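> what follows is a predicted protein model with its sequence.
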Amino acid sequence: MTSSPVWRRADSVLVDAVCQRSEMGGGEIARCGGRRLTQVPVGLWNSTVRLFLDRNLLVSLPANSFCGLSLLEELDLSHNQLSSLEAGCFRGLESSLRLLDLSSNRLSSLELAALGGLRAHANLTLNPWHCDCRMQLSTPRLDLDSSSLSEVVCQTSDITNRGAAGIPLVLLLEDWDLCRSVRRTTDVVVLVTMLLWFSTVVFYMLFYVRQNRKEARRVVVPIFTLRDPRTETHSL
């Protein structure tokens, strides 16, 4: 029971040694960039609203990496070596985080489990993205920086041998459904073709019925009256 406060003080000293702390209205700024950190510092101040971890050596973000930072609004993780974001790595930031910078890393996939309920204005540029169904489902959860969408490029894709490599993700998603690996425009063309074919069949049937009715009106059907010979003899 008595060791916990000591452990926390030790962590706090470590954070003070690697991060610069400054105050701003309503919270604090933690600048931990360029310190060659291989993991997120433990014991960050709970009142932190802006956290800069750029230009470090972070390779992955484990679950609960930012636990306790319920006031955090801006998180800069750019220019690291991040290649994986584990499930729950942003847990606790769902309601507060507004800006997330993941640019210039080694990320190839974006998992829904990693994002959780996170909805932030995000910068995903300069990563070797593999564009697949996971990316299609994950990116709508984030408010991607519109000024940099052209730089969120698919280095590889599930759409093989079709020229998808090197295409910005936003353009690829306009033409392709990556969860089905089919071209959206093809679906539209097929649908329009089917509608035209169906309309042609209906038109032909209506024309055929109308023509038959006209032919039926032109045919004169002779009416034969059958006479009873006994009636004719009696009348004479």
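Sure, I can see it.

> wait, is L173 part of a strand?
No - judged by DSSP: H, G, I helix; E, B strand; the rest coil, L173 forms no part of a strand; its state is helix.

> count of neighbours near it?
Neighbours of L173 under the rule other CB atoms under 10 Å: 18. For the C-beta atoms, the positions are set from N, CA and C on the backbone; glycine is no exception.

> what about the closest residue to G34 other than its chain neighbours, which SS state?
Computed as CB to CB, 6 or more residues apart in numbering, the closest residue to G34 that is not its neighbour in sequence is R55, at 4.4 Å. Secondary structure for R55, judged by three-state DSSP, is coil.

> so R55 is in contact with N80, correct?
Yes - applying CB atoms under 8 Å, one finds R55 in contact with N80, separated by 7.4 Å.

> who has more neighbours, the two?
When neighbours are counted by other CB under 10 Å, N80 comes out ahead of the other of R55 and N80, with 25 against 17.

> mind checking pLDDT for the more buried one?
On pLDDT, N80 comes in at 98.

> quick one: contacts for it?
L53, D54, R55, N56, L57, L58, V59, S104, N105 (CB atoms under 8 Å, 6 or more residues apart in numbering).

> burial count for the residue nearest to the fourth one when sequence neighbours are not counted?
Read it as N56. Leaving aside its chain neighbours, N56 sits nearest to L37 (4.2 Å; criterion: CB to CB, 6+ apart). Residue neighbour count, defined by other CB under 10 Å, stands at 17 for L37.

> buried ones in stretch 165-181, by neighbour count?
I167, P168, L169, L172, L173, W176, L178 (16 or more other CB atoms under 10 Å).
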